[in-house]
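Visitor: model this:
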Amino acid sequence: MADNRSGASGAFVVGMLLGAAAGAVTGLMLAPRSGRETRKLLKKSADALPELAEDLSSSVQLQAGRLSGKAVQNWDGTLTRLKQAIAVGVEASQRERPQAEATEVASHPRDPA
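Guide: Now for the predicted structure:
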């Protein structure tokens, strides 16, 4: 459950960054400034995009690493439980086999011919 929250918080951060970038561009385009001022602000924003993209990339890589680690952990737990279940099944089968054979022999006696 905690991992679900960390995935949701990662998605929230990504959404927040994208929303901030979209809001900044929209605000610049609608602001009552001269073309020169707007171009200067757009250049500053464009210059900040690589850093924003790097932050976003780092965030995505971090989330992917967490999810990958959790998937491996879940798989290891599932594999352990599966091995235990197989071992219990084999043990039960070996324990019940003599009874099953005895029942089969009793219900189908061989002819002494």
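Visitor: where along this protein do the helices fall?
Guide: In the chain, the helices defined using DSSP state H lie at 2-30, 35-107.
Visitor: Give me the angle between the longest one and helix 2-30.
Guide: This means helix 35-107. 160 degrees (axes from the mean of the first three to the mean of the last three C-alpha atoms, to 10 degrees).
Visitor: average pLDDT for helix 35-107?
Guide: The predicted model assigns helix 35-107 a mean pLDDT of 85.
Visitor: Then the first one?
Guide: Along helix 2-30, the predicted confidence averages to a pLDDT of 74.
Visitor: Give me the buried positions along it.
Guide: G10, V13, A21, A24, L28 (16 or more other C-beta atoms under 10 Å). To be clear about C-beta, it is placed using only N, CA and C from the backbone, and glycine gets the same treatment.
Visitor: out of the residues you listed, which one sits closest to E101?
Guide: G10 (58.4 Å; C-beta to C-beta).
Visitor: so what's that closest one up against?
Guide: When contacts are counted by C-beta atoms under 8 Å, 6 or more residues apart in numbering, G10 touches S59, V60, L62, Q63.
Visitor: and the gap between the most centrally placed residue in the chain and G10?
Guide: Against the mean C-alpha coordinate of the chain, by C-alpha atoms, centre = their mean, the closest residue is L67 at 3.9 Å. Separation of L67 from G10 (C-beta to C-beta, to the nearest Å): 9 Å.
Visitor: One more: L52?
Guide: From L52 to G10 the distance is 16 Å (C-beta to C-beta).
Visitor: for L42, same thing?
Guide: 29 Å.
Visitor: what's the answer for A100, then?
Guide: 55 Å.
Visitor: R97 too?
Guide: To G10, R97 is 53 Å away according to C-beta to C-beta.
Visitor: same deal with D47?
Guide: For D47, the distance to G10 - C-beta to C-beta - is 26 Å.
Visitor: excluding its backbone neighbours, what's nearest S45?
Guide: Nearest non-adjacent residue to S45, counting by C-beta to C-beta, 6 or more residues apart in numbering: A24, 5.7 Å away.
Visitor: what's the answer for L62, then?
Guide: G10 (7.4 Å).
Visitor: Tell me how far that neighbour lies from L79.
Guide: When G10 is compared with L79 (using C-beta to C-beta), they lie 27 Å apart.
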